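Q: structure here, sequence nowhere to be found:
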Ligand SMILES: Nc1ncnc2c1ncn2[C@@H]1O[C@H](COP(=O)(O)OP(=O)(O)OP(=O)(O)O)[C@@H](O)[C@H]1O
Ligand SMILES: [Mg+2]
């Protein structure tokens with residue numbers, strides 16, 4: 001029997017029939033400001049409630065900025081290790097800020113995997129976030145190289161035993177947001193949508209796929225509050 005773990009996001013665990021199957025990589029896709037980062041951090045916070053450590057790989061925001069953004073929610077980030085990257089403009093290099101083994105290795109997928117591996121050994125996290133995979137896509141010019149490398153990242157994450165959320169940037173529009181290759185490679189895909197209804201923007205969440213489990217196939221309304229993400233699993237978006 002596969003073990004399910006709670007995301008800790010009110011309403012989402014209900015939609016997932018209890019939670020996410022442990023030890024697999026999932027994609028959280030959505031447009032700018034959709035709530036991907038907040039949702040991902042809340043998932044790590046839920047782990048810390050059971051004393052499980054979390055590893056947050058922040059490829060777009062600096063650790064300091066991320067802490068600042070999350071301060072509003074009053075979460076305790078003590079059991080969460082944030083690894084971020086930096087652009088060294090003088091060297092024209094993009095580096096991973098890692099204070100151990102290698103000092104500031106160049107940002108490549110191989111080096112990122114090495115840094116995660118090292119954190120698995122020294123820090124022993126149970127949950128991982130990679131925010132976002134769109135930064136990793138930028139490393140590749142060739143589509144088939146990108147697919148192979150992202151698949152190998154997903155396989156590495158599956159072998160790690162950690163449950164991983166990977167954020168992915170898409171268009172905002174429910175109808176036109178195109179399907180990205182990583183959505184096929186992940187074990188599950190959860191999408192955050194903005195829907196225009198009578199001049200008002202409504203946020204909604206929908207589960208597109210979860211391998212190995214049934215799930216709620218309706219779009220459900222979602223809000224960002226001072227407490228984090230709130231989902232209304234018994235309400236519908238389109239009347
Ligand atoms: N306390 C709050 N109450 C309501 N909305 C909030 C609150 N805090 C943040 N937000 C909203 O959350 C959004 C930012 O969420 P988040 O950073 O998770 O988005 P994102 O999907 O990661 O965006 P990006 O693609 O830019 O990284 C903003 O649109 C902001 O207005
Ligand atoms: Mg974000």
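A: Looks like it came in fine. What you see is a predicted model, and the numbers here were worked out from it, not measured in a lab. Numbering: from 1, shown residues only. Ligands and ions are numbered 1, 2, ... in the order given.

Q: pretty sure residue 214 contacts residue 17?
A: Yes - between residue 214 and residue 17 there is a contact at 5.9 Å, judged by C-beta atoms under 8 Å. From N, CA and C alone the C-beta is placed, and that goes for glycine too.

Q: the more surrounded of those two?
A: residue 17 (14 against 8; other C-beta atoms under 10 Å).

Q: now residue 221: which helix or strand?
A: Applying DSSP states H and E as the criterion places residue 221 in strand 220-225.

Q: contact residues of this protein facing ligand 2?
A: Residues of the chain lying close to ligand 2 (C-beta under 5 Å from the ion) are 36, 37.

Q: how about low-confidence regions in the chain?
A: Across the chain, the ranges flagged by pLDDT under 70 are 1, 99-102, 172-179, 239.

Q: in it, which residue sits nearest ligand 2?
A: Nearest residue of the chain to ligand 2 (C-beta to the ion) works out as residue 37 at 3.2 Å.

Q: show me what whichever helix in the chain runs longest is packed up against.
A: Counting residues, the longest helix found in the chain (DSSP state H) is helix 143-159. Contacts defined by 3 or more C-beta pairs under 8 Å, 6 or more residues apart in numbering; DSSP states H and E place helix 143-159 against strand 25-30, helix 109-123, helix 133-137, helix 181-185.

Q: same for the third one, what does it pack against?
A: In other words, helix 133-137. Using 3+ C-beta pairs under 8 Å, 6+ apart, helix 133-137 sits against helix 143-159, strand 163-169.

Q: show me which residues of stretch 165-173 are buried.
A: Neighbour counts over stretch 165-173 (16 or more other C-beta atoms under 10 Å) mark 165, 166, 167, 168, 169, 170, 172 as buried.

Q: thanks a lot, see you next time.
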